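Asks: What shape does this take:
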Amino acid sequence: MNHSQATWLHIGAGSFHRAHQAWYLHRLLQSGDHSWTLALGNIRDDMTPLLQALQRQNGEYTLETVDPAGVREYERIKSVSRIVDWDADLAALTAAGAEASTRIISFTVTEAGYYLDHHFKLDQSNPDLAADLKGDSKRTIYGAITAILKARQANDAGAVTLLNCDNLRHNGERFRDGLLQFLELRGETPLRDWAATHTASPNCMVDRITPRPVPAVAERVLASTGVKDEAAVMGESFIQWVIEDHFIAGRPALENVGVEMVESVLPYEEAKIRILNATHSCIAWAGTLTGLNYIHEGTVVPAIRQMAYDYVTEDVIPCLSPSPLDLGKYRDVVLDRFSNPHIQDSNQRVAADGFSKLPGFIAPTINECFARGKTPHATAMLPALFFRFLQRWAAGQLPYQYQDGILDEAATRAMLADADPVKRFAADPMLWGKGAGTPELENVLREALGKVDAWLAAA
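Replies: I've put the predicted structure just below:
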């Protein structure tokens, strides 16, 4: 690797990046390794107030962490050395990404931000993606990265690693598939060929619970550190990052600050997505249905905790065994993390994007159980909870606004208004893949809905 200072550009200025990737790079700087500098930008203007606050603070902000015992620690994060101003054409972001010194571009745009169907083909019906495909805008990660790669190719800026840091199975491969399809659909075949040889997209697994910041975080930061911080962020004390060591233009020595560099991230990723992410959604949907606001509240309700425990124990662990991880121990650690009352992680945040999470986190276990000749009674409780959650949404009875990047409101309302909505729900190939429309799936969902109804009646 060239040890002159290289740039790591991150796209997605939300809390997670600032509590996770930026924290690791901060630790590297603190160790005396100044070979990399971090730039931060965003595709959409919703983060402009935050970016402006960071600009006023020279990119610095305070990270508050809290462990299950309630011990809070405060650290001033100084890794973000450059804020990329947002503009509608993403001109500044494109210019930053096209610099020869930029060797890594990472991004966090949520699971819904990749617009992939169950065959991993781009959903061209999405209006943002359709506009980017026409070249009318740059509202998706594909539009933004295409502009950057085009400028890199023109500038002869060299190879770059494109690092997906979202909770998406095979996240590097999925993004790369989407990007190459996007370029093909745009008729950018020479750029597609250039990208195929001048970029790498390693898979990685990221983990740290990071709630949306509330005013109380800044208040605690001020009280504890004396710093008035407009960009304070908080997260749990637990943190993990596992990355496949397949970088094309050099990388920081992340292994020196606790990042696990591996040949294949697959077993870690599967455990995290199915045990942590799916269980998180289960608790959020169940908690919402019983009038709770926070994840920790649901996790300590015996019936909800049992649902989550049974889902992992009865169905996920058999699907993922053998594994290099102790899956039973991982399950218990996850449930303990979720029960931390000091995180104040909202059901609204975790319940979001169900139309991406159901096929991504939950349907694979259902389909694999059926393939092994086992009926996934425990796993079916999760989509049953989501189905009842959607009915509350359609009736205007949720206590908050449901946020879902790929929600087709008209189609979902039509499904719920059908003479047999469960049959229609079970027949949706976007949700269930190869299991869609089978009598086995429909039957286990009906059985699970009966159990959910009985539980709600007794709750």
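
Asks: Validate this expectation: Lys434 resides in a helix.
Replies: Yes: counting by DSSP: H, G, I helix; E, B strand; the rest coil, Lys434 is part of a helix.

Asks: Quick check: it vs Leu441, distance?
Replies: 10 Å (CB to CB, to the nearest Å). All C-beta atoms are positioned from the backbone trio N, CA, C, and that covers glycine.

Asks: Between the two, point out the one with more neighbours.
Replies: Leu441 (24 against 12; other CB atoms under 10 Å).

Asks: so the more buried one, which of the three states?
Replies: Per three-state DSSP, Leu441 ends up helix.

Asks: That one reaches Gly435, doesn't it?
Replies: Yes: under the criterion of CB atoms under 8 Å, Leu441 makes contact with Gly435 at 5.0 Å.

Asks: Stretch 256-274 spans what distance, first to last residue?
Replies: For stretch 256-274, the separation between the terminal residues is 28 Å (CA to CA, to the nearest Å).

Asks: list the buried ones in it?
Replies: 257, 259, 261-262, 265, 267-274 (16 or more other CB atoms under 10 Å).

Asks: just those residues now: which is nearest Gly250?
Replies: Within those, the smallest distance to Gly250 is 13.4 Å, found for Met261 (CB to CB).

Asks: The closest one falls within a strand, correct?
Replies: Yes: judged by three-state DSSP, Met261 forms part of a strand.

Asks: Now do the contacts for it.
Replies: Ile243, Glu244, Asp245, Leu254, Glu255 (CB atoms under 8 Å, 6 or more residues apart in numbering).

Asks: so how far is Ala232 from the nearest residue in space to Thr102 that is not next to it in sequence?
Replies: Counting by CB to CB, 6 or more residues apart in numbering, Thr102 lies nearest to Thr7, which is 4.4 Å off, once chain neighbours are set aside. From Thr7 across to Ala232, the span is 25 Å (CB to CB).

Asks: Tell me which of these two has more neighbours.
Replies: Ala232 (26 against 19).

Asks: Pairing partners for the strand or helix carrying Gly235, with directions?
Replies: Using DSSP states H and E, Gly235 sits within strand 233-236. Partners of strand 233-236 in the sheet, by DSSP bridges, are strand 61-66 (parallel).

Asks: Contacts for the partner strand, please.
Replies: Here strand 61-66 has contacts from 18-19, 23, 54, 72-77, 80, 217, 220-221, 225, 227, 229, 231-237, 340, 342-343, using CB under 8 Å, 6+ apart.

Asks: taking the mean pLDDT, what do you get for whatever helix or strand comes next after it?
Replies: Sequence order places strand 72-77 as the next helix or strand after strand 61-66, per DSSP H and E. Averaged across strand 72-77, the pLDDT comes to 98.

Asks: Only the buried residues of strand 72-77, if you could.
Replies: Tyr74, Ile77.

Asks: With respect to Asp117, which of the buried residues of stretch 256-274 is nearest?
Replies: Ile273 (17.9 Å).

Asks: that older thread, could you report the pLDDT at the residue nearest to Thr102?
Replies: Looking at Thr7, its pLDDT is 98.

Asks: try Asn2
Replies: 40.

Asks: Enumerate every residue touching the closest residue to Pro324 other than its chain neighbours.
Replies: Of all residues not flanking Pro324 in the chain, Pro267 sits nearest, at 5.3 Å (CB to CB, 6+ apart). With contact taken as CB under 8 Å, 6+ apart, Pro267 is in contact with Leu320, Ser323, Pro324, Leu325.

Asks: looking at the residues you listed, which has the most residues close by?
Replies: Going by other CB under 10 Å, Leu320 tops the contacts of Pro267 with 19 neighbours.

Asks: Touching, that one and Asp326? I think so.
Replies: No: the criterion here is CB under 8 Å, and Leu320 misses it with Asp326 at 11.4 Å.

Asks: before we move on, the earlier item: helix or strand for the residue nearest to Pro324, just tell me which one.
Replies: helix 266-271.

Asks: Okay, the residue nearest to Pro324 and Gly258: tell me how far apart.
Replies: From Pro267 over to Gly258 (counting by CB to CB), the distance is 19 Å.

Asks: Excluding chain neighbours, what is closest to Asp123?
Replies: Asp123's closest residue in space is Tyr115 (CB to CB, 6+ apart), at 4.7 Å.

Asks: Show me which positions of stretch 155-167 end up buried.
Replies: Result for stretch 155-167 [16+ other CB under 10 Å]: buried residues Ala157, Ala159, Val160, Thr161, Leu162, Leu163, Asn164, Cys165, Asp166, Asn167.

Asks: Now distance to Lys423 and secondary structure too, for those, in TSV please.
Replies: Output for those, formatted as TSV (distance: CB to CB, whole Å; DSSP: H, G, I helix; E, B strand; the rest coil):
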residue	distance to Lys423	secondary structure
Ala157	53	coil
Ala159	50	coil
Val160	47	strand
Thr161	45	strand
Leu162	41	strand
Leu163	41	strand
Asn164	35	strand
Cys165	38	coil
Asp166	32	coil
Asn167	30	coil
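
Asks: Quick one: these as JSON lines, columns for distance to Arg103 and pLDDT too.
Replies: Below are the buried residues of stretch 155-167 laid out as JSON lines (distance: CB to CB, whole Å; pLDDT from 0 to 100):
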{"residue": "Ala157", "distance to Arg103": "10", "pLDDT": "97"}
{"residue": "Ala159", "distance to Arg103": "8", "pLDDT": "98"}
{"residue": "Val160", "distance to Arg103": "6", "pLDDT": "98"}
{"residue": "Thr161", "distance to Arg103": "7", "pLDDT": "98"}
{"residue": "Leu162", "distance to Arg103": "11", "pLDDT": "98"}
{"residue": "Leu163", "distance to Arg103": "11", "pLDDT": "98"}
{"residue": "Asn164", "distance to Arg103": "16", "pLDDT": "98"}
{"residue": "Cys165", "distance to Arg103": "16", "pLDDT": "97"}
{"residue": "Asp166", "distance to Arg103": "20", "pLDDT": "95"}
{"residue": "Asn167", "distance to Arg103": "24", "pLDDT": "87"}
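
Asks: can I get these in a markdown table with distance to Met381?
Replies: Below are the buried residues of stretch 155-167 laid out as a markdown table (distance: CB to CB, whole Å):
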| residue | distance to Met381 |
| --- | --- |
| Ala157 | 50 |
| Ala159 | 46 |
| Val160 | 43 |
| Thr161 | 40 |
| Leu162 | 37 |
| Leu163 | 35 |
| Asn164 | 30 |
| Cys165 | 30 |
| Asp166 | 26 |
| Asn167 | 21 |
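
Asks: follow-up on the earlier one: tell me, what's touching Leu441 and Gly435 both at once?
Replies: Ile366, Phe370.

Asks: ok, of the buried residues of stretch 256-274, which one's closest to Gly450?
Replies: Arg274 (24.5 Å).

Asks: how far away is the closest one from Asp123?
Replies: For Arg274 relative to Asp123 (CB to CB), the value is 23 Å.

Asks: so how many other residues sit close to the residue nearest to Thr108 when sequence neighbours are not counted?
Replies: Nearest non-adjacent residue to Thr108, counting by CB to CB, 6+ apart: Gly12, 3.7 Å away. With neighbours defined by other CB under 10 Å, the count for Gly12 comes to 23.
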